[in-house]
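>>> When you get a sec, could you give me coordinates for this:
(one chain, ligands or ions: 1)
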Amino acid sequence: MELPEAVIIGDETFNKENLSLFIKKRAFLLTGPNVSNIFESKISSALSGFDYKKAIVESSTYEEAEKIYREKFDVNSEAVIGFGGGKVLDVAKYLGYKAGIQVISIPTSASNDGIASPFSSLKGGIHPYSLKVKPPRGVIVDLSVIMKAPKRYILSGLGDLLGKFTSTRDWKLAWIEKGEYFGEYASKLAYESAKHAMISTKGIEDLKYSSVRNLMEALISAGVAGGIAGSSRPLSGSEHLISHALDIIAPEKGTHGEKVALSTVLIAYLYGMNWKKIKAKMQEVGLPVSFLQIGVKREEVLEAVTLAPSLRPERYTILHKLNLTKDEVSNILDEINI
Ligand SMILES: [Zn+2]
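Numbering: from 1, shown residues only. The predicted structure follows:
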């Protein structure tokens, strides 16, 4: 098991005192273009007294991560500090892994479960899914920062968590039918994080401080479930494969969590789970409840669902088992109306 050593959650936690728990002198800061502007004074006050170099992450591709490593990275850094959204944290974890140094994850939104997980999702690599790296050594969640993120990104984190209802079922299926290792505890932890998110939905809709904190804790414990399992199995099943396929077929449409949530409704239907309840929750909080709402056409969904199992043939899921045709998928979409 590889887990973060310290998780600090609270108000105004991105500060010098907390960074000093991990770094003595030198650090490499990765951040996003908007975040860098919005939180300019917060960054300089938290990092005052440290010797640091900084790079801006525009996109989470291998090419960009490698370019930053070649041209900007300071090999004498004690840590990579990732202060930003999912893209920044993915690149930060990759650089930390490559350089063999610790990563401090400081998310600026609740958009996905990568905050504390040992996985880095970079596009343009040999695989369209995530790479196993080290988990961040420290996770600092500053709620005063997260609360400033657009509501859509907070809901996206909720959508990513809903996916754990079906990813854990796929994992169990692979154990039953293929004899794959199945970690009961890691699976329960991931499943609970989805349930936990369902309970706080009302508050998340109104962006209540305590609900957003709950959501962040659920995202962190989901990531930790991945660390316990030693694979992304508890976090990512067929619903993520459809989301990855949509990244290829209909790029830049919808957020990760929105795609995962919609795909979760479909996979929950295939498992005979209560997909209506999941969809109703999505509607209640303001997540999109149809692919068209995020600009993905019916034909693109059909293509994505049928392409999905081939993206990871070795990772057995219900989509591998059923091998659905486009006609079958189309009938299901009619029935569940997404
Ligand atoms: Zn995800």
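>>> Do I have it right that Val285 meets Gly203?
No - applying C-beta atoms under 8 Å as the test, Val285 and Gly203 come out as separate, 9.7 Å apart. Heads up, the C-betas are built off the backbone N, CA and C, glycines and all.
>>> higher neighbour count, those two?
Using other C-beta atoms under 10 Å as the criterion, Val285 and Gly203 rank with Val285 on top: 21 against 17.
>>> Now do the same for the more buried one: its pLDDT.
pLDDT, the model's per-residue confidence, is 90 for Val285.
>>> Okay, it and Thr306: tell me how far apart.
Distance of Val285 to Thr306, computed by C-beta to C-beta, to the nearest Å: 29 Å.
>>> Give me the helices and strands touching the one helix or strand Leu30 maps to, please.
Per DSSP states H and E, Leu30 falls inside strand 26-31. Here strand 26-31 touches strand 51-56, strand 79-84, helix 86-99, going by 3 or more C-beta pairs under 8 Å, 6 or more residues apart in numbering; DSSP states H and E.
>>> Please repeat the previous calculation with a cut-off of 10 Å.
Helices and strands touching strand 26-31, by 3 or more C-beta pairs under 10 Å, 6 or more residues apart in numbering; DSSP states H and E, are helix 33-38, helix 40-46, strand 51-56, helix 62-71, strand 79-84, helix 86-99, strand 102-107.
>>> Hmm, Ser156 is touching Met282, no?
No - shown here, Ser156 and Met282 do not form a contact pair, counting by C-beta atoms under 10 Å, at 11.5 Å.
>>> what residues are shared contacts of these two?
Here Ser156 and Met282 share the contacting residues Glu258, Ala261, scored by C-beta atoms under 10 Å, 6 or more residues apart in numbering.
>>> Compare neighbour counts for these two and give me the winner.
Ser156 (27 against 23).
>>> isn't there a helix covering that one?
Yes - counting by DSSP: H, G, I helix; E, B strand; the rest coil, Ser156 is found in a helix.
>>> so what's Met273 closest to, chain neighbours aside?
With sequence-adjacent residues excluded and distances taken as C-beta to C-beta, 6 or more residues apart in numbering, Met273 is closest to Phe165, at 6.7 Å.
>>> Tell me, what's the model's pLDDT at Phe28?
Phe28 is given a pLDDT of 98.
>>> picking up where we left off before, right, and the helices and strands packed on strand 26-31 - which one's nearest Gly272?
Closest approach to Gly272 among the helices and strands packed on strand 26-31 is made by helix 86-99 (31.7 Å; C-beta to C-beta).
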